[in-house]
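Predicted model and sequence follow; I will ask about them next.
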Amino acid sequence: MKEQVRAILKQYWGFDQFRPLQEDIVLSVMEGKDTLALLPTGGGKSICFQVPGMAKEGICIVISPLIALMKDQVENLKKRGIKAAAIYSGLSGREIESILSNCAFSDTVKFLYVSPERLKTELFVNYLKRMHVSMFAIDEAHCISQWGYDFRPPYLQIAEIRNHFPDVPILALTATATPEVVQDIQDKLAFSQKNVFQKSFKRDNLTYIVVKEQNKMGRMIRVINHYPGTGIVYVRNRRKTKEIAEYIKAHGISADFYHAGLTSELRDSKQNDWMSGKTRV
């Protein structure tokens, strides 16, 4: 089994070995065990479900609340020659049904990304029952816990879906969780037994600096001018995203604003401009 998952890692991702804990998590899923993985952002969570998803027969259902992340991962998988699809708001009914039909009646799609809200729709559940599901991967799994910082009730639907797939393992992934959330995730997802892998959240490549500053805007511009490359400025509300983007642009720096109130087309366009470097901040 180790040789199989290492060969897949090498073939599709070009890595000779896994990062610490990744292989343990992958092997746990391969053995059919419900698994909770706590890995820091950038710690390689996607590899933990994409490798066993490729190794197992059938389709891996990935549940994620982030449309931008779904699209990004689907594109990355396609670039590696792996067939993947995502269902999200903005697609027509015909497009959604076509994707679901392809997943249910063809064995070509290896990964289907959906939002937790999609689990509540009768159409999705009817098609899902016809799919040969190899595993469920639950991203941002802290959302299932009422003790988490982003509780989303639709996540509770996942445990109900499991009733149709009693022998299919779940891999729950999150970047952060308190002991209460860790326990709650496993309870809400009806884990057959406790099974948690946790990596230290210490990141040697990150530096945190906290500064008391009277002139925040001036400091922000000096920081942007001091460090090359792209960046993100987080603000308190949607109105501020536009105001601060305009302020940065007034100082000769390419900038744009992004928030959940924009149309999916605008969000896509703005994200692509930032990821390509056309927009710097």
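Yes, it's here. In this text the structure is predicted, and so the values were computed from the model without any measurement.

gap between A85 and L100?
Remark: distance between A85 and L100 (CB to CB, to the nearest Å) = 9 Å. Yep, even glycine has a C-beta here, placed from its N, CA and C like the rest.

Same question for V223.
46 Å.

Those two: who's more crowded?
Set side by side, V223 and L100 show more neighbours around L100, with 23 against 13, by other CB atoms under 10 Å.

Am I right that the more buried one falls within a helix?
Yes. Counting by DSSP: H, G, I helix; E, B strand; the rest coil, L100 is part of a helix.

where do the helices sit along the stretch 51-200 of the chain?
Remark: helices assigned in the stretch 51-200 of the chain by DSSP state H, counting those that start in this stretch are 67-79, 93-105, 122-128, 157-162, 179-188.

so which of those helices comes closest to S269?
Nearest to S269, of all the helices of the stretch 51-200 of the chain, is helix 67-79, at 11.7 Å by CB to CB.

Low-confidence regions, the stretch 101-250 of the chain specifically.
For the stretch 101-250 of the chain, the stretches flagged by pLDDT under 70 are 200-203.

Now with 90, please.
When residues are selected by pLDDT under 90, those of the stretch 101-250 of the chain lie in 106-108, 117, 119-120, 146-163, 175-178, 199-209, 236.

And the contacts of the host helix or strand of L266?
Here L266 sits within helix 264-275, counting by DSSP states H and E. With contacts defined as CB atoms under 8 Å, 6 or more residues apart in numbering, helix 264-275 is touched by 67-68, 71, 88-90, 230, 256-258, 262, 279-280.

State the distance from the closest residue to F105 other than its chain neighbours to L100.
Leaving aside its chain neighbours, F105 sits nearest to R130 (7.3 Å; criterion: CB to CB, 6 or more residues apart in numbering). Taking CB to CB as the measure, R130 falls 9 Å from L100.

do the same with R6
Taken as CB to CB, the span from R6 to L100 is 33 Å.

go on, V109?
According to CB to CB, V109 stands 10 Å off from L100.

go on, K212?
Distance of K212 to L100, given as CB to CB: 53 Å.

Same check on I224?
I224 is 44 Å from L100, by CB to CB.

again, but for T176
From T176 to L100 the distance is 33 Å (CB to CB).

Check E265 too.
23 Å.

likewise P179?
Distance from P179 to L100, by CB to CB: 38 Å.

swap in K33?
In terms of CB to CB, K33 sits 28 Å off from L100.

Tell me where the protein has strands.
Here the chain has its strands, by DSSP state E, at 35-38, 59-63, 84-86, 111-114, 133-138, 170-174, 196-198.

Rebuild the ones you listed as JSON lines, extending it with distance to K2.
Output for the strands of the chain, formatted as JSON lines (distance: least, CB to CB, whole Å):
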{"stretch": "strand 35-38", "distance to K2": "16"}
{"stretch": "strand 59-63", "distance to K2": "20"}
{"stretch": "strand 84-86", "distance to K2": "25"}
{"stretch": "strand 111-114", "distance to K2": "22"}
{"stretch": "strand 133-138", "distance to K2": "18"}
{"stretch": "strand 170-174", "distance to K2": "18"}
{"stretch": "strand 196-198", "distance to K2": "16"}
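
Save the ones you listed as JSON lines, and put in mean neighbour count too.
Shown next, in JSON lines, are the strands of the chain (neighbours: other CB atoms under 10 Å):
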{"stretch": "strand 35-38", "mean neighbour count": "27"}
{"stretch": "strand 59-63", "mean neighbour count": "26"}
{"stretch": "strand 84-86", "mean neighbour count": "22"}
{"stretch": "strand 111-114", "mean neighbour count": "25"}
{"stretch": "strand 133-138", "mean neighbour count": "23"}
{"stretch": "strand 170-174", "mean neighbour count": "26"}
{"stretch": "strand 196-198", "mean neighbour count": "14"}
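
Contact partners for I8?
51, 54-55.

Thought D34 was touching S192, still the case?
Yes. Taking CB atoms under 8 Å as the definition, S192 is a contact partner of D34 at 5.6 Å.

Could you check which of the two is surrounded by more residues?
D34 (22 against 12).

And the more buried one, what's its pLDDT?
pLDDT for D34: 97.

got it, and S264?
For S264, the model assigns a pLDDT of 77.

Compute the distance between it and N272, please.
Taking CB to CB as the measure, S264 falls 12 Å from N272.

How about K249?
On the measure of CB to CB, K249 and N272 end up 18 Å apart.
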